[in-house]
Each structure stands twice: as structure tokens, then as C-alpha cells.
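> turn this into a model:
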Amino acid sequence: MPESKLRILVVTQYFWPENMRINDLVSDFTERGHSVTVLTGLPNYPEGKVFEEYKATPKRFGEYFDAKVVRVPMLARGKRSISLILNYLSFFTSASVVGAYKLRGEKFDAVFVYAVSPIMAAIPALVLGRLKSAPVFVWVLDLWPETLRAVGVLKKTALLSLVGKMVSWIYNRTDYLLLQSHGFFENVKSYCTKEIDAQRLVYFPSWAEDDFSSSDPQISTLLDRDDTVFTVVFAGNLGEAQDLPAVLDAASALRDKVAIRWVIVGDGRMSEWLSQQVQSRGLDNVLLLGRHPLEKMPGLFANADALLVSLKTNDVFEKTIPGKVQAYLASGRPLLGMINGEAARVIGESGAGLTCASGDAGGLASITLSLANTDSMKLKAMGESGRQYYLRNYSKPLLLTRLEDLFRNATLRKVNR
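Have a look, this model is predicted:
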């Protein structure tokens, strides 16, 4: 008997044309025959202003791989902390009110929340889950309020406590909490005041987009292959959490010692600072390529000798596995990690690369030099080891099938109550 098709509502503050993993999940679910509706805001991440291409032709962004895209008004995130907070508040308020109105009369079997910061994106999902009598799944990808404290957005204990109460309210009203890291479980449990049914807490890691795990040869238009230098690529958001000052210190330390080029691709709140520092410090071994579409990354990674992930250290970040780690592993290239905790464990366990402590610029210089002096066959073996680890632990088809089963079983339980 064929499996029934599902009506899925995805609630996410971030969505195409922004480069987000949720885009991948949506397209895969529609390819599997499910009916998918996405409730989202206006694309403005990470630059902080609404994309010009969207403003020019908003109707062109009303459908994505046969998924219906419903957008609600919101304030852009800007470049200041206050504008970022207003961005968060405006989305969950607008999605709860305007979103509920735009989706009136529609029925869903499951409501799925892509819960990177801010966690308040789950509030409109809870509202709609109640209105539609549908189970709500929150994919917890950041820990709140701890992440706010860790990145310095909120420092006052009273405000952090208030956010903590909101997190507790959300967690206790969510049907299923999907946790991207084993390190999240104890933290999430601490905010659940009700007795927690073990079935409600589900380990559900991230995967890499299909292009990263493709076996087809990848060609880059961003960077030429150069076998005369050892190429380290960092890709992703350029924010305070990525500890870019330590990365530049490592690049500076190796500048006159060995032929290594550091290629940084992405955009974010530290972009301007990064550009100024590279110029003022004369770091001609650091290339800043700016932001580019996700589909350009596999070709870029193919021309790298190593892929870098870095994250500041604190009790929150140590429990987190940045999404780029899966993409790096799937790419079959050695990894360099200036990172602690779960991500360092994965890199070590996979045999895919070398790590040093977060914030240790000297350590990063040392492990980079070590990789640069490693035999090419050993480097290839490290990359392949990482790829095989990825296929065993983060295979997207297996994860999506598991999510489908969760949706169906939850729907049946709702019906049988």
C-alpha cells in the first residue's frame, strides 16, 4: 500500500532566495509528492536589507519547487543590535497574525519550524498548529537564551531570564522537539517544566545540500586551482561568533613561512571589519570573495586543500555543530577546526582533519602548517574518511524518510486521541 501524501506547513524566518538548508528540505518534500506551504518573511539575510531582486519582482518568489511561499511583512535585520531585535519581533508577530489570516481555510498534517535564531519563529507555528489541529515540530538548531548571551546581544540577567521563560513556554507547547546535536538534550530538558515523554525529544542532525555530496566533477568560477599553494577555504556567515580575528592572526603568522592562501567567502556583520583588516595588515595571502550562491560552493570546495570551521568557545557553542561541518564532510576535503565541543568530536571521530582549541590562533597556524606539509595521498584519505562518515551519519534520504515517519505517526496519534 503506497504511503499517504502529507500536507506540510513550514514556518521559517529565513527562506529562498536566502541560502538556507530549509530550502533543500522543502524541495525534497515536494519531489516526494507532498504538498508544502512555506510561511516566511522578506529575504534580507545576511546583508540586513531586503534583496533588490525580491523588491523588483516579488511575485517571482511566490513559489519554490512547487511549494507555495507565503510571505509576511517584517523589518529588515539591519546592522545594529536594536534593529536585529526588532527584526525578530516583527517576524513572529506578523507571522502569527498576518500569516494566520493568509492561511485561513487551509489544512495541514504537520507544522515544521526551522528554528535557527530566533526561537520566536516557533510562536506563529504554535498558533497555527492550534488553529489547524496539527502537530508542531520544532527543529532546534540554536539554544536560546544562551545563544543571545554568547554573542552579546543580551547581557542583562533579567532580560535573559525573561527570554528563558518564553523558551520554556514554547518548548512545553511543542509536540516534538528535534535536536540537531546530542549536546542539546540536557539544555532543552531544563526548560521543559512538564514531564518529558522521551518520544518528544528526537535527535535530528543536519545534512549537506545535494551538490556537496555529488560525485560529479565540480568546476569553480570563483577560484582557480593552484597547486603551488596550499588553499584553505572558509565559507559562511562572517559574524562575531566565527572568531575571524583569530583566523587573521593565524594567516598573518604563516604569511612569510609557507605558501598558504586563505580564501574567505561569505557576508555578515564582520564583513567590513574583515576587509579593512586585510588591507591594513597587508595580508596578501587572504582572499575575500564576498557572498555567492550556495550552488557555487561545491566547485569552490573542490579547489580547496582544506576547509576551515571556526567558532568562539562557550558552553553554548560547544554543544553546537555548525551546519557547514556536514557540507565540509560531504565534500571529501580535509577539515581544519578551530573549535571545541561536539564539532571537534565529529572532526576527530571521522578522521577527516585536525582541530585546535577555539580562539587559539597559534594552534590554528600549527595544524594548518601540519596539513600543508602532509602527503597528498594522506590528505585524500582524510577527505574520503570524512565523506564516508557523512554518509553513515548524515545521509539526507534517510533523515527525510525518518521525518516523514514522524509526521505520519504524530498525525495518527492526533486522530486517535
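> what about residue 79, distance to residue 269?
Distance, residue 79 to residue 269, using C-beta to C-beta, to the nearest Å: 6 Å. To be clear about C-beta, it is placed using only N, CA and C from the backbone, and glycine gets the same treatment.
> neighbour count for the two, which is higher?
Neighbour totals were compared for residue 79 and residue 269, and residue 269 leads with 21 against 14 (other C-beta atoms under 10 Å).
> please name the residues that touch the most centrally placed residue in the chain.
Closest to where the C-alpha atoms of the chain average out (C-alpha atoms, centre = their mean) is residue 323, at 4.4 Å. Residue 323 makes contacts with 21, 141, 206, as judged by C-beta atoms under 8 Å, 6 or more residues apart in numbering.
> per-residue pLDDT of the last one, please?
What that stands for is residue 206. Per-residue pLDDT puts residue 206 at 88.
> surely it meets residue 321?
Yes: with contacts counted by C-beta atoms under 8 Å, residue 206 reaches residue 321, the gap being 7.3 Å.
> give me the common contacts of those two.
residue 180.
> out of these two, which sits in the busier spot?
More neighbours surround residue 321 than the other of residue 206 and residue 321, with 26 against 21 (other C-beta under 10 Å).
> quick revisit: and for residue 79 and residue 269, which residues touch both?
Common contacts of residue 79 and residue 269, defined by C-beta under 8 Å, 6+ apart, comprise residue 48.
> the residue lying closest to residue 65 once chain neighbours are set aside - how many residues pack around it?
Closest residue to residue 65 apart from its sequence neighbours, by C-beta to C-beta, 6 or more residues apart in numbering: residue 27 at 3.9 Å. When neighbours are defined as other C-beta under 10 Å, residue 27 has 18 of them.
> helix/strand/coil for residue 27?
Three-state assignment for residue 27 (DSSP: H, G, I helix; E, B strand; the rest coil): helix.
> is it correct that it is in contact with residue 38?
No: Residue 27 lies out of contact with residue 38 (C-beta under 8 Å); the separation is 10.7 Å.
> re earlier: mind checking pLDDT for the residue nearest to the centre of the chain?
Residue 323 carries a pLDDT value of 85.
> so how far is residue 272 from it?
24 Å.
> could you do residue 366 as well?
29 Å.
> now residue 278
Distance, residue 278 to residue 272, using C-beta to C-beta: 11 Å.
> please apply the same query to residue 58.
Per C-beta to C-beta, residue 58 is found 28 Å from residue 272.
> and residue 246, by the same measure?
Using C-beta to C-beta, residue 246 is found at 18 Å from residue 272.
> who has more neighbours, the two?
When neighbours are counted by other C-beta under 10 Å, residue 246 and residue 272 differ, and residue 246 comes out ahead with 21 against 11.
> which secondary structure element is home to that one?
helix 244-254 (DSSP states H and E).
> show me how far that helix is from its chain's centre.
Computed by C-alpha atoms, centre = their mean, to the nearest Å, the separation of helix 244-254 from the middle of its chain amounts to 24 Å.
> packing partners of it?
If you count contacts as 3 or more C-beta pairs under 8 Å, 6 or more residues apart in numbering; DSSP states H and E, helix 244-254 packs onto strand 260-265, helix 271-280, strand 306-310, strand 335-338, helix 361-372.
> residue 307 versus the residue nearest to the centre of the chain, what's the distance?
Note on residue 323: its distance to residue 307, by C-beta to C-beta, is 13 Å.
> residues in contact with both of residue 27 and residue 38, list them for me.
Counting by C-beta under 8 Å, 6+ apart, the residues touching both residue 27 and residue 38 are 64, 67.
> which stretches of the stretch 1-150 of the chain aren't confidently modelled?
Applying pLDDT under 70 to the stretch 1-150 of the chain flags residues 1-2, 150.
> helices of that one, start to end?
Per DSSP state H, counting those that start in this stretch, the stretch 1-150 of the chain carries helices over the ranges 21-31, 52-56, 81-102, 122-132, 146-151.
> give me the buried positions along the third one.
Of the residues in helix 81-102, 84-88, 90-96, 98-100 count as buried by neighbour count, 16 or more other C-beta atoms under 10 Å.
> again with the second one
If you call a residue buried by 16+ other C-beta under 10 Å, then helix 52-56 has these buried ones: residue 54.
> now stretch 302-310 - C-alpha only, CSV.
The C-alpha trace of stretch 302-310 is given here as CSV (Å, rounded to 0.1, in the frame of the first residue of the first chain):
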residue,chain,number,x,y,z
ALA,A,302,36.8,21.2,-4.9
ASN,A,303,39.7,23.6,-5.4
ALA,A,304,40.5,23.7,-1.7
ASP,A,305,43.1,21.7,0.1
ALA,A,306,41.4,22.1,3.4
LEU,A,307,38.1,23.6,4.7
LEU,A,308,38.0,25.7,7.8
VAL,A,309,35.4,25.9,10.5
SER,A,310,35.9,28.2,13.5
